[in-house]
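J.: Fold the following and give me the result.
(one chain, ligands or ions: 1)
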Amino acid sequence: MFVKICGLSTAVDVAAAVAAGADALGFVLTESPRRVEPGLVRELVAAVPEEVLTVAVFREEPAAYVRAAVRAAGVRAVQLHGNHPAGAFAELADLGLPLVRATSAAKAAGADCGDFGEDLLLLDAPVPGAGEPWDWAELGARPPAGKWLLAGGLSPANVREAIVAANPWGVDVSSGVEVRRGVKDPDLITEFVRAAKAR
Ligand SMILES: O=C(O)c1ccccc1N[C@@H]1O[C@H](COP(=O)(O)O)[C@@H](O)[C@H]1O
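T.: Have a look, this model is predicted:
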């Protein structure tokens, strides 16, 4: 199970996620209580092992802004939320980085990974980063084909149940490993990774 911890902003939390065995770390470069500057992200990712994917998260910023922020931050993947046309992903191909298309499950009925040229599909709640769960079992009849991440209201307490219900390729969490909005708890990060990867 691929596990992404999103909304990181401190070296302590980055180290906890890496030590716990997270496969990807997310840094929010769009409007959010978790927003971080590209310069800070560059410092935080410098100590991250190569096998751990570092991901910059955006929501409907223009391609030129995304391209500049990604280069300044030094991350290894890009996650785009919002209503993007398929062309938005092709426009960023010159970065040579994996692209994650994040959309709400409600808007993505029948979607498969790769429909918009993305490398990973992320199915989220209607409001990303709000810690709101959705009915993961809805996907039971027709889960996406290919690599897709489940997100939205996950926590150490419910991630196992969510994996069994939705059978995703991976999971992504932000609010569920925080003590309050924007403040991560290293112990919750460790618990989440352990629970998600348990067999
Ligand atoms: O975390 C944010 O603040 C955020 C802001 C804008 C776009 C995406 C954001 N985070 C994404 O939200 C989900 C997880 O949310 P949660 O666990 O329900 O809080 C995940 O896709 C993050 O990458």
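
J.: So what pairs up with the residue lying closest to residue 154 once chain neighbours are set aside in the strands?
T.: Excluding the flanking residues, the one nearest residue 154 by CB to CB, 6 or more residues apart in numbering is residue 173, at 4.6 Å. For the C-beta atoms, the positions are set from N, CA and C on the backbone; glycine is no exception. Note on residue 173: beta-bridge partners by DSSP bridges are residue 5.

J.: what number of residues lie near residue 173?
T.: Neighbours of residue 173 under the rule other CB atoms under 10 Å: 29.

J.: Does it touch residue 155 like I think?
T.: Yes. Here residue 173 lies in contact with residue 155, judged by CB atoms under 8 Å, at a distance of 7.1 Å.

J.: what do these two both touch?
T.: Listed as contacting both residue 173 and residue 155 by CB atoms under 8 Å, 6 or more residues apart in numbering are residue 192.

J.: how near is the residue of the chain most remote from its centre to the ligand?
T.: Here the chain reaches farthest from its C-alpha mean at residue 141, the gap being 24.0 Å by CA atoms, centre = their mean. Going from residue 141 to the ligand by CB to the nearest ligand atom, to the nearest Å gives 23 Å.

J.: and what of residue 72?
T.: Distance from residue 72 to the ligand, by CB to the nearest ligand atom: 18 Å.

J.: contacting residues around the lowest-mean-pLDDT helix or strand in the chain?
T.: When the helices and strands of the chain are scored by mean pLDDT, DSSP states H and E, helix 87-90 comes last with a mean of 90. With CB under 8 Å, 6+ apart as the test, helix 87-90 has contacts from 63, 80, 99, 101, 116, 117, 118.

J.: And the next helix or strand after it, what does it pack against?
T.: Scanning forward in sequence from helix 87-90 by DSSP states H and E, the next helix or strand is strand 99-104. For strand 99-104, the elements it packs on are strand 77-81, strand 120-124, judged by 3 or more CB pairs under 8 Å, 6 or more residues apart in numbering; DSSP states H and E.

J.: Mean neighbour count and distance to residue 181 for the ones you listed - can I get that in JSON lines?
T.: Formatted as JSON lines, the helices and strands packed on strand 99-104 follow (neighbours: other CB atoms under 10 Å; distance: least, CB to CB, whole Å):
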{"stretch": "strand 77-81", "mean neighbour count": "24", "distance to residue 181": "17"}
{"stretch": "strand 120-124", "mean neighbour count": "26", "distance to residue 181": "17"}
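
J.: and the chain, which residues reach the ligand?
T.: Residues of the chain found near the ligand (CB under 6 Å from any ligand atom) are 6-7, 26, 28, 30, 32, 34, 57, 59, 81, 102, 122, 124-125, 128-131, 151-154, 172-176.

J.: Need the buried ones from those residues selected in ChimeraX.
T.: The buried subset of these, as determined by 16 or more other CB atoms under 10 Å, is captured in ChimeraX by this line:
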select :6,7,26,28,30,32,34,57,59,81,102,122,124,125,128,129,131,151,152,153,154,172,173,174,175,176
